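Visitor: Fold the stuff below for me.
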Amino acid sequence: MTGALTSTLNLALFTLMALRPPMPRRSSPFNIQFALGWWINEMPFLGLCWLFAATIGTLADPRPGFTWWLVAGLSALDAVLLGWIAARARSVRPVLTEAFRAAYGPDGVPRYTRAAWWRFVLPIISWRPDVRRIRNRRYGPSRRGNRLDVYVSQRRNRHSPRSVIDAPVLVYVHGGGFVMGNKMFGARPLLYRLAARGWVCVSIDYRLLRVRYEDQLADVCAALAWIRASVQSFGGNPDTLFVAGGSAGAHLAATAALSDAADPEVRSAIRGVIGLYGYYGQVGGAGVAPASPHDSVRADAPPFLILHGTLDTLVLHREARAFADRLAAVSEQPVVYAELPATHHNFDFFQSPRFHIIADAIVRFTELARRPDR
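Guide: The predicted structure is shown next:
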């Protein structure tokens, strides 16, 4: 019974950190409330599975005592809290609807869809049989840091491998505080979903250790240049690029799209930028320019979609709001900004009900950004 009691207590701590984590005064690369709460906020069903596996042996005991009743009470509390976490995921929908309506008018509201139920039961699995991942293409001289993966539709390649080369392209830049991370982490449900719809999706690595911020920005710009030059061979349109990123990746994606670090032809091909739980503050030492997207806001910026969780304990949402406000005051294109209630950092890692709704909004943003009148 000791194991069951320990498990229910640990699970209660994790669920409480998911529901109401203590908010820090400033952003930081890591804190304990993030480590405890973010994953269960996106995968409450796995928490229920853990609860069942840890307590079924104890609760099946026909001779209940004090410890049995304690485990039973904590299990009931855990189950209620996990149900609350699952139910509140839908709270992002009205917020996204209002943000799109404010930026694009009534016709800009996302069309929300229903996902297969089993994807929420197995949220870690993003793989789809109708999508092929082409691994580890080199875009630069670094052996490990300058690689990318390309996601393409199997169906499209089978039936029309060369007849259509106008698919929109999504490029994703992973996060990790500029010191860790990998192209295999972040937005994989989105990459597979868009690729299955005929998009060409690319997830890139960039150098992480013993390099400066400007070297990482140069890597992202080099990857964009490689993609624009090579994407037709995968069926993509080199003039319809969308750049997305999470956390530090959002910083790099936004700076590459806004600054003169990227080739002008590459910047002109970017139709939109998607920032997820992004950090947009200063990076690098004195004299480094650009050191943040704030340094590069411009009137001819592409449309932006900036999404941030109100319970993000790593990057506070007020910092993302400050960047969105500054960009919106200058840019001639729409800036969609939404603070997502009950949402933590890294909300794009798993195929959760919350991220399915967010992905619907991202799809709508790409449709609006590609309209002829934009």
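Visitor: Dump the longest strand along the chain to CSV, restricted to CA.
Guide: Ranked by residue count under DSSP state E, the longest strand found in the chain is strand 236-246. Output of strand 236-246 as CSV, limited to C-alpha atoms (Å, rounded to 0.1, in the frame of the first residue of the first chain):
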residue,chain,number,x,y,z
GLY,A,236,6.8,22.6,-52.4
ASN,A,237,6.3,26.2,-53.5
PRO,A,238,9.5,28.2,-52.8
ASP,A,239,7.5,31.4,-52.7
THR,A,240,5.0,30.2,-50.0
LEU,A,241,7.0,29.7,-46.8
PHE,A,242,5.6,29.8,-43.3
VAL,A,243,8.1,30.0,-40.5
ALA,A,244,7.1,28.7,-37.0
GLY,A,245,9.0,28.1,-33.8
GLY,A,246,8.5,27.3,-30.1
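Visitor: Quick one: list the elements packing against that strand.
Guide: strand 167-173, helix 213-230, helix 248-258, helix 264-269, strand 270-276, helix 353-369 (3 or more Cβ pairs under 8 Å, 6 or more residues apart in numbering; DSSP states H and E). Backbone N, C-alpha and C define where each C-beta goes, glycine included.
Visitor: Tell me which of those sits nearest to residue 43.
Guide: Across the helices and strands packed on strand 236-246, residue 43 has its closest neighbour in helix 353-369 (10.3 Å, Cβ to Cβ).
Visitor: So for the closest one, what gets flagged as buried?
Guide: Neighbour counts over helix 353-369 (16 or more other Cβ atoms under 10 Å) mark 353-366, 368-369 as buried.
Visitor: can you list the domain ranges for this structure.
Guide: Per the record, the chain has its domains at 2-88, 91-369, by automatic domain parsing.
Visitor: export those to a markdown table and tack on mean pLDDT?
Guide: Shown next, in a markdown table, are the domains of the chain (pLDDT from 0 to 100):
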| stretch | mean pLDDT |
| --- | --- |
| domain 2-88 | 95 |
| domain 91-369 | 94 |
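Visitor: So for stretch 80-92, what gets flagged as buried?
Guide: So for stretch 80-92, counting by 16+ other Cβ under 10 Å, buried means 81, 82, 85, 86, 88, 89, 92.
Visitor: ok, the closest residue to the last one other than its chain neighbours - contacts?
Guide: Sequence neighbours aside, residue 340 is the residue nearest to residue 92 in space, at 4.6 Å (criterion: Cβ to Cβ, 6 or more residues apart in numbering). Residue 340 makes contacts with 92, 95, 96, 307, 308, 309, 310, 347, 354, 358, as judged by Cβ atoms under 8 Å, 6 or more residues apart in numbering.
Visitor: same question, residue 140
Guide: 146, 219, 222, 223, 226.
Visitor: how about 10 Å then?
Guide: Listed by Cβ atoms under 10 Å, 6 or more residues apart in numbering, the contact set of residue 140 reads 146, 147, 148, 205, 206, 207, 218, 219, 222, 223, 225, 226.
Visitor: ok, how many other residues are close to the nearest residue to residue 300 once chain neighbours are set aside?
Guide: Among residues not flanking residue 300 along the chain, residue 332 sits closest, at 6.7 Å (Cβ to Cβ, 6+ apart). When neighbours are counted by other Cβ atoms under 10 Å, residue 332 registers 9.
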